[in-house]
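# Can you look at this prediction? I've put the sequence above it.
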Amino acid sequence: MSTRQTSSSKDHPIENRDDLLRIFQSGEKPKAQWRVGTEHEKLVYKKKDHQAPSYKEAGGIRDLLQGFTRFGWTPIYENDKIIGLSGEDGGISLEPAGQFELSGAPRSTIHESYDEIVRHINQTQEVGGELGLGFLGLGLWPDKKRSDLPLMPKGRYKIMTEYMPKVGKLGLDMMLRTCTIQSNVDYGSEADMVKKFRASLALQPLATAIFANSPFLEGQPNGFLSYRSHIWTDTDPQRTGMLPFVFDDDFGYERYIDYMLSVPMYFVYRNGQYIDASGQDFRAFLRGELPALPGEKPLLSDWTDHLSTAFPEVRLKSYLEMRGADGASAMMSPALSAFWISILYDSDLLDHVSEIVKTWDLESYQALRNDVPKKGLKTMIGNRQSLLDLGRALLPLMEAALKKRAFLNDKGQNESRYLAPIRQILESGQSFSEKLLAKHHETGNLDFIYQDCDWAHPRI
């Protein structure tokens, strides 16, 4: 979840529905300006005992953030506590239990995102090494109970922890125990956004299957390949899921606005404080009738905040967020970008994928979403083919699309190199989860996990 920064000078009260619409229209860019953004989270642990560090303790999360300032990162404070950083490589933020996230800057090529991640690895290793901290690349804490995990001192998280149990059984697990990697992509017009939203939403289960990496809970196999994906099915039904209306003929910005206006609020940010508005109605806010702030109407920044509190498989802001993948090693982040950029930025491949998913009905979309956390790549699309078969069929097309982009690094390599981890998974037919489960079966324990799932390795 992003760290809120000071509102800009462009912030002003929302006057009409056009103001709600404008954030989406502002994302429209010509193809030459399309960028790729990455977000990747990792689990932080103390090397001496594998426990999750608290915020305040010596060598804990506060000291980790402070340590990054030596590299030119600017601290972000909430109530005099450092809770994030901003810099040329984007932003660093804390998830609720101290999961450490880099939200990278928009980059022209995946090569640039890769270089950004390498810088982040080096900085993380330096500061973490001094503090005795390690980092796990997994989608779920493999051995921690909720009670083992701290809560970071961010106002929005206090509100969310109190509200989550009212609307789902697993919301606190989502907040405290999970990690994800994410790719953000641009669109050229409303029609282009719709096409990309539909294709990526339909294919999100394929990404979940390929990147499945959360098979353990509290030290034991949990019966899922992506338990992180399963958690979202019982977090809050009003702000999660596959969004079937996206496949309706009239889908566009206006329909997404209607969806977001129906999502209950979490908070309003005023004068450096988060005001609890959990469960309240943004439409009432527009009328000046919000119980948390009676008589006051929302600012543009309130709408931006509200857009960040829905958690569907694909999320629309002034760009599209791909949200289906488990956390993994650092180098799986450019792999996820390569997966989505190849499909969504190549017009021929996007057309091809769009034709494929048009043959699926809403029941197929939902069945895929329901089945993939347990079955992974073995999930069937109706009775036609498995996700593994689909992935294998798309892989050479993805490689060709990235070669056609013809963006080369200083070694003369094109962006298809970042598909290498995906190629290995599809060729073997085994996700990381399945490989970890096999090793657990062989050893009978999870002693290997802190070495084998080091976030910084392997590199490509």
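Good, I have the coordinates. Because the structure is a prediction, the values reported are computed rather than measured.

# any idea of the pLDDT on the residue lying closest to A367 once chain neighbours are set aside?
Sequence neighbours aside, G382 is the residue nearest to A367 in space, at 7.8 Å (criterion: C-beta to C-beta, 6 or more residues apart in numbering). Where you see a C-beta, it was placed from the backbone N, CA and C, and this is true even at glycine. With respect to pLDDT, G382 scores 87.

# hang on, Y77 packs against S86?
No: in this structure, Y77 is not within contact of S86 by C-beta atoms under 8 Å, at 11.4 Å.

# Look at those two and report which has more neighbours.
S86 (16 against 10; other C-beta atoms under 10 Å).

# That one - that's part of a helix, no?
No: if the criterion is DSSP: H, G, I helix; E, B strand; the rest coil, then S86 is strand and not within a helix.

# which ones are touching it?
Applying C-beta atoms under 8 Å, 6 or more residues apart in numbering to S86 gives the contacts Q5, W73, T74, I76, I92.

# and it, what are its bridge partners?
Here S86 sits in beta bridges with T74, G91, as judged by DSSP bridges.

# Spatially nearest residue to N414, not counting backbone neighbours?
K403 (5.1 Å).

# give me the element the one you found is part of.
According to DSSP states H and E, K403 maps onto helix 387-405.

# Send over that helix as PDB, restricted to the C-alpha atoms.
Taking C-alpha atoms only, helix 387-405 is exported to PDB below (Å, rounded to 0.1, in the frame of the first residue of the first chain):
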ATOM      1  CA  LEU A 387      -3.300 -22.800 -17.500                       C
ATOM      2  CA  LEU A 388       0.000 -24.500 -18.100                       C
ATOM      3  CA  ASP A 389      -1.000 -25.300 -21.700                       C
ATOM      4  CA  LEU A 390      -2.100 -21.700 -22.200                       C
ATOM      5  CA  GLY A 391       1.100 -20.400 -20.700                       C
ATOM      6  CA  ARG A 392       3.200 -22.600 -22.900                       C
ATOM      7  CA  ALA A 393       1.300 -21.500 -26.000                       C
ATOM      8  CA  LEU A 394       1.700 -17.800 -25.100                       C
ATOM      9  CA  LEU A 395       5.400 -17.900 -24.100                       C
ATOM     10  CA  PRO A 396       6.900 -17.800 -27.700                       C
ATOM     11  CA  LEU A 397       4.500 -15.000 -28.600                       C
ATOM     12  CA  MET A 398       5.600 -13.100 -25.500                       C
ATOM     13  CA  GLU A 399       9.300 -13.600 -26.400                       C
ATOM     14  CA  ALA A 400       8.600 -12.400 -30.000                       C
ATOM     15  CA  ALA A 401       6.800  -9.300 -28.700                       C
ATOM     16  CA  LEU A 402       9.600  -8.300 -26.500                       C
ATOM     17  CA  LYS A 403      12.200  -8.900 -29.200                       C
ATOM     18  CA  LYS A 404      10.100  -6.700 -31.500                       C
ATOM     19  CA  ARG A 405      10.200  -3.900 -29.000                       C
END
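
# quick one on the thing from earlier: give me the neighbour count for the residue nearest to A367.
Per other C-beta under 10 Å, the neighbour tally for G382 reads 12.
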